[in-house]
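Enquirer: here is the input, now give the coordinates:
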Amino acid sequence: MLKHIASKEEFIDNTANGTVLVDFFANWCGPCKMLAPLLEQLASEMPEINILKIDVDSVPDVAKEYGIISIPTLILFKEGKAVDKQVGFMNINQLKSFVK
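Expert: Here you go, the predicted model:
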């Protein structure tokens, strides 16, 4: 599942359980645009992973809380806890390895 998050409350609700990959992005970011279709592919190939997209310009409080200074930044959450972080573009094979 791939879902766009619009608030801090929605972010908290959607990262509480399971494995969740959060993509911090901006609409004006070139590498973010290149990563978007790969995240959609990942969502279809690995439905057990929830993928959240957070626009750092629309939800800056969450981006600030996690120290996002470069985008795209991906943070992997397991059962509500951030367990790994990757900054920059990744290809589909790197994404799959990152979430395992």
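Enquirer: alpha carbons only for contacts and neighbour counts from here, please
Expert: Noted.
Enquirer: in which helix or strand would I find C32?
Expert: C32 is located in helix 30-45, with elements delineated by DSSP states H and E.
Enquirer: buried residues of that helix, list them for me.
Expert: Using 16 or more other C-alpha atoms under 10 Å as the test for burial, helix 30-45 gives 32, 35-36, 38-39, 42-43.
Enquirer: one more: stretch 52-72?
Expert: So, applying 16+ other C-alpha under 10 Å, buried residues of stretch 52-72: 52-56, 59, 62-63, 68, 71-72.
Enquirer: make CSV out of those and add secondary structure and pLDDT.
Expert: Formatted as CSV, those follow (DSSP: H, G, I helix; E, B strand; the rest coil; pLDDT from 0 to 100):
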residue, secondary structure, pLDDT
L52, strand, 98
K53, strand, 98
I54, strand, 98
D55, strand, 98
V56, coil, 97
V59, coil, 96
V62, helix, 96
A63, helix, 96
I68, coil, 97
I71, coil, 97
P72, coil, 98
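Enquirer: the protein: strands as residue ranges?
Expert: Using DSSP state E, the strands of the chain run over residues 2-5, 19-25, 50-55, 73-78, 81-87.
Enquirer: out of the ones you listed, the one nearest Q94 is which?
Expert: Nearest to Q94 among the strands of the chain is strand 81-87 (10.3 Å), distances taken as C-alpha to C-alpha.
Enquirer: how about the closest one: buried residues?
Expert: For strand 81-87, the neighbour count (16+ other C-alpha under 10 Å) marks A82 as buried.
Enquirer: need the contact list for the nearest residue to A6 once chain neighbours are set aside.
Expert: Leaving aside its sequence neighbours, A6 sits nearest to V59 (C-alpha to C-alpha, 6 or more residues apart in numbering; 6.4 Å). Contact analysis of V59 by C-alpha atoms under 8 Å, 6 or more residues apart in numbering lists 6-8.
Enquirer: which elements pack onto the helix holding C32?
Expert: Counting contacts by 3 or more C-alpha pairs under 8 Å, 6 or more residues apart in numbering; DSSP states H and E, helix 30-45 packs against strand 2-5, strand 50-55, helix 92-99.
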